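A.B. asks: Sequence plus predicted model, see below.
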Amino acid sequence: MNTFDTIRQIISESNVIDLDTIKLETTFEELDMDSLEVFELIFQAENKFNIKVPNTELAIKDVQGIVNLIDSLRN
């Protein structure tokens, strides 16, 4: 499973959102995710991918942003 699919799955399960509505360009605002839910998403991604997201990177606004960040930390 690639990064996008994994993030999409986490968002879908955590927020009861249909997978088909989650696209790379989808913002967290469009998904009605508040900052606490985004933080939880980042925490779950850290555990899933065995990475650590620096606190300076927490201003992510959309799915593409978190996918890019995770991919950069995995390499």
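C.D. replies: Everything's here; your move.

A.B. asks: alpha carbons only for contacts and neighbour counts from here, please
C.D. replies: Will do.

A.B. asks: Just give me the neighbour total for residue 66.
C.D. replies: Burial measure for residue 66: 23 neighbouring residues, criterion other C-alpha atoms under 10 Å.

A.B. asks: Three-state assignment for it, please.
C.D. replies: helix (DSSP: H, G, I helix; E, B strand; the rest coil).

A.B. asks: May I see the buried residues of the top helix by length along the chain?
C.D. replies: When the chain is parsed with DSSP state H, its longest helix is helix 35-49. Residues 38, 41, 42, 44, 45 are the ones in helix 35-49 that count as buried (16 or more other C-alpha atoms under 10 Å).

A.B. asks: now stretch 48-59
C.D. replies: Buried residues in stretch 48-59 (16+ other C-alpha under 10 Å): none.

A.B. asks: got it, and stretch 18-25?
C.D. replies: Those buried within stretch 18-25 under the rule 16+ other C-alpha under 10 Å are 22, 24.

A.B. asks: Break down the chain into its helices, ranges please.
C.D. replies: Going by DSSP H, the chain shows helices at 3-15, 35-49, 63-74.

A.B. asks: For residue 26, which of these is the nearest?
C.D. replies: Residue 26 sits nearest to helix 63-74 of all the helices of the chain, at 5.9 Å, using C-alpha to C-alpha.
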